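Asker: let me see the structure of the following:
(one chain, ligands or ions: 1)
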Amino acid sequence: MNGITAFTVDITTLALARGIVQMMLGGLLLYLGSRHSDARDARWWAIGFFVNGLSLFVFPFALPAAWEPPRVILNHLTLGASSLFFLIGFWKFGQQPVRPWLLVLLMLFPIVSLTAWEYLWPNARYRILFTAAGQILYLFLLQHSLSHPPREEIARLYKRLRYAVVVYILVYIWSYASIAEILPTTARLTLGYHRSIFSVASLLYMLTLAVGCLTLQFAMLAARNADLARIDWLTGLLNRRGFFNALQLKQQGQRNHSPTSIVAIDIDHFKSINDRYGHACGDLVLQDFSQQLQAHAGNGRLIARMGGEEFLIVMDEDLNAAATLAEEIRKALEQRSLVTSDGITLRVTVSIGIHQVGTAESIEKALINADQALYTAKENGRNQVVCWSFRDLPADQRHYRADSRMRAHQPQNS
Ligand SMILES: Nc1nc2c(ncn2[C@@H]2O[C@H](COP(=O)(O)OP(=O)(O)OP(=O)(O)O)[C@@H](O)[C@H]2O)c(=O)[nH]1
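Answerer: The predicted structure follows:
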């Protein structure tokens with residue numbers, strides 16, 4: 001037995017086996033997509049694997065010569081179509097825009113290839129190479145889409161999958177450059193050996209892609225489940241649990257001793273919105289208010305809905321910055337009116353307590369102090385900002401005013 005026969009693979013059996021395995025993995029993705037609404041986009045990948053499997057199925061069977069043209073057409077079209085489905089799947093999974101013109105371009109490759117080299121100027125070599133050029137374009141687009149992971153949790157998976165695609169692009173180009181006789185003779189292998197390497201590489205690549213798609217889908221479901229535990233479903237802000245987790249992570253990662261301030265916010269007379277207009281209107285107010293909070297305080301600050309109509313912002317800034325932000329939010333709410341689809345105009349105001357964490361003060365104590373300032377704001381007549389350090393002043397002096405007194409203020413340590 002010489003070296004070449006020892007490594008030669010039965011390509012026909014391999015193609016059939018690969019087709020079957022791909023279809024089974026596609027079925028698994030389809031099952032996953034039908035079981036979880038969050039995994040619905042996995043169905044694009046599933047269709048991709050089925051259609052690609054079909055392109056392999058059409059070759060191993062011995063058919064009469066009359067069947068050759070439909071077999072070639074089916075092979076080229078299914079190969080082209082499968083790339084569309086894979087790309088749509090990755091674009092949707094990665095929350096990237098679907099670009100129809102690129103899909104049309106990709107599908108044009110096998111169509112033009114068949115029209116030109118199968119019918120107008122029959123040339124099997126050109127036909128294969130032209131369709132392969134479309135596949136190379138698809139692989140480049142695929143690796144590009146993998147450079148933008150939709151979430152931090154799956155960034156590593158994306159990176160590894162991208163490496164696999166890049167390696168396959170190299171093997172693919174080597175293989176077709178060999179077929180086209182572009183490579184120098186020294187870089188070429190005998191046909192049987194070459195085909196074996198390419199078939200095995202394609203098998204490994206498709207298996208990697210299938211396992212990668214399944215792993216990505218499970219990783220995304222796990223990440224979304226983790227979100228459910230830490231994100232408030234109504235407003236999309238951190239919930240109480242998410243807030244304390246994030247606070248813990250923030251404290252662990254904090255190296256410098258920048259000031260930390262807390263802004264505690266509560267919507268005034270919120271119960272009366274529910275009582276007067278119904279719970280749905282109350283929910284709408286909470287959602288709108290959360291959007292306002294994100295718009296005003298959104299950059300790098302912790303924003304959470306702690307329960308009911310109570311919200312918290314934690315920021316790495318001093319009391320002056322907290323007071324300015326709090327007053328901005330209060331004013332924005334005072335001037336805002338929300339009109340529901342039924343034409344109901346809803347207006348709310350907010351009471352706010354602010355506090356800068358003292359150097360020797362625990363965050364737990366600081367949160368209680370911010371809360372106390374908030375209740376002082378409620379007692380004081382609502383729709384105002386109260387600083388905890390001013391709580392012992394006469395009632396008309398407790399709330400924040402954009403005057404020099406606040407700017408000169410130094411927080412007390414407790
Ligand atoms: N619509 C809606 N209402 C909620 C939700 N969570 C809590 N609430 C309601 O929020 C209201 C809070 O009322 P209170 O604690 O009395 O406070 P308030 O009416 O805002 O009065 P003050 O805080 O004193 O100004 C209650 O009626 C709760 O039922 C929610 O997710 N959606």
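
Asker: where does Ile154 land in three-state SS?
Answerer: The three-state label given to Ile154 by DSSP: H, G, I helix; E, B strand; the rest coil is helix.

Asker: state the distance from it to the ligand.
Answerer: Note on Ile154: its distance to the ligand, by Cβ to the nearest ligand atom, to the nearest Å, is 31 Å. C-betas here are computed from N, CA, C, even on glycine.

Asker: in space, what's closest to that residue - neighbours in sequence excluded?
Answerer: Excluding its sequence neighbours, the residue lying closest to Ile154 (Cβ to Cβ, 6 or more residues apart in numbering) is Ala219, at 5.0 Å.

Asker: where does that neighbour fall, secondary structure wise?
Answerer: Ala219 is part of helix 191-230 when elements are defined by DSSP states H and E.

Asker: so who does Gln217 touch?
Answerer: For Gln217, the contacting residues are Leu29, Leu32, Ala39, Ala42, Phe93, by Cβ atoms under 8 Å, 6 or more residues apart in numbering.

Asker: now the residues you listed in JSON lines, with distance to Tyr277?
Answerer: Listed next are the contacts of Gln217 as JSON lines, based on distance: Cβ to Cβ, whole Å:
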{"residue": "Leu29", "distance to Tyr277": "45"}
{"residue": "Leu32", "distance to Tyr277": "41"}
{"residue": "Ala39", "distance to Tyr277": "37"}
{"residue": "Ala42", "distance to Tyr277": "41"}
{"residue": "Phe93", "distance to Tyr277": "40"}
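
Asker: work out for me the element the residue in the stretch 151-300 of the chain that the ligand sits nearest to sits within.
Answerer: Ranked by Cβ to the nearest ligand atom, the top residue of the stretch 151-300 of the chain for proximity to the ligand is Gly282, at 2.6 Å. Secondary structure assignment for Gly282, by DSSP H and E: helix 279-297.

Asker: before we move on, what about His355?
Answerer: strand 350-356.

Asker: parallel or antiparallel, list what pairs with that strand.
Answerer: strand 261-267 (antiparallel), strand 385-387 (parallel) (DSSP bridges).

Asker: which of the ones you listed comes out lowest on mean pLDDT?
Answerer: Lowest mean pLDDT within these: strand 385-387, a mean of 91.

Asker: quick one: that strand near the ligand?
Answerer: No. Counting by Cβ under 6 Å from any ligand atom, no contacts exist between strand 385-387 and the ligand, the nearest distance being 13.9 Å.

Asker: about what we covered before: count of residues packed around the residue nearest to Ile154?
Answerer: Look at Ala219: counted by other Cβ atoms under 10 Å, it has 16 neighbours.

Asker: low pLDDT regions in the stretch 1-150 of the chain?
Answerer: Across the stretch 1-150 of the chain, the ranges flagged by pLDDT under 70 are 1-9, 60.

Asker: rerun that using 50 as the cut-off
Answerer: 1-4 (pLDDT under 50).

Asker: can you pull out the helices in it?
Answerer: With DSSP state H, counting those that start in this stretch, the ranges of helices along the stretch 1-150 of the chain come out as 3-7, 11-35, 42-57, 68-93, 100-114, 124-145.

Asker: tell me which of those helices lies nearest to Glu152.
Answerer: Of all these, the one in closest proximity to Glu152, counting by Cβ to Cβ, is helix 68-93 (15.0 Å).

Asker: sort out which residues of that closest one are buried, please.
Answerer: For helix 68-93, the buried set under the neighbour-count rule, 16 or more other Cβ atoms under 10 Å, comprises 72, 74-93.

Asker: just those residues that are near the ligand?
Answerer: Restricting these to those touching the ligand (Cβ under 6 Å from any ligand atom) yields no residues.

Asker: does Phe270 touch Phe311 like I think?
Answerer: No. Under the contact definition of Cβ atoms under 8 Å, Phe270 does not touch Phe311, with a separation of 11.4 Å.

Asker: neighbour count for these two, which is higher?
Answerer: Neighbours were tallied for Phe270 and for Phe311 using other Cβ under 10 Å; the higher tally belongs to Phe311 (27 against 18).

Asker: where's the more buried one relative to Leu237, distance?
Answerer: 7 Å (Cβ to Cβ, to the nearest Å).

Asker: quick check: neighbours shared by these two?
Answerer: Once Cβ under 8 Å, 6+ apart is applied, the residues that Phe311 and Leu237 both contact turn out to be Ser290, Leu293, Ile303, Ala304, Arg305.

Asker: can you tell me the element the third one falls in?
Answerer: The one in question is Ile303. For Ile303, the element it lies in under DSSP H and E is strand 302-307.

Asker: between helix 191-230 and that strand, find me the angle.
Answerer: When axes from the mean of the first three to the mean of the last three Cα atoms, to 10 degrees is applied, the directions of strand 302-307 and helix 191-230 differ by 50 degrees.

Asker: counting by contacts, list what strand 302-307 packs against.
Answerer: Packed against strand 302-307, as judged by 3 or more Cβ pairs under 8 Å, 6 or more residues apart in numbering; DSSP states H and E, are the following elements: helix 240-253, helix 279-297, strand 310-315.

Asker: ok, Gly80 touching Thr131?
Answerer: Yes. The pair Gly80 and Thr131 qualifies as a contact (Cβ under 8 Å) at a distance of 7.0 Å.

Asker: who touches both of the two?
Answerer: Going by Cβ under 8 Å, 6+ apart, residues that sit against Gly80 and also against Thr131 are Phe109, Pro110.

Asker: residues from this structure in reach of the ligand?
Answerer: Counting by Cβ under 6 Å from any ligand atom, the residues of the chain that sit close to the ligand are 234, 266-271, 274, 279, 282-283, 286, 308-309, 378.

Asker: identify the residues contacting the very next helix or strand once past the strand holding His355?
Answerer: The helix or strand immediately downstream of strand 350-356 is helix 363-379, counting by DSSP H and E. Under the contact criterion Cβ under 8 Å, 6+ apart, helix 363-379 has outside partners 247, 251, 260, 262-266, 268, 312, 351-355, 357-358, 361, 384-388, 391, 398-399, 414.
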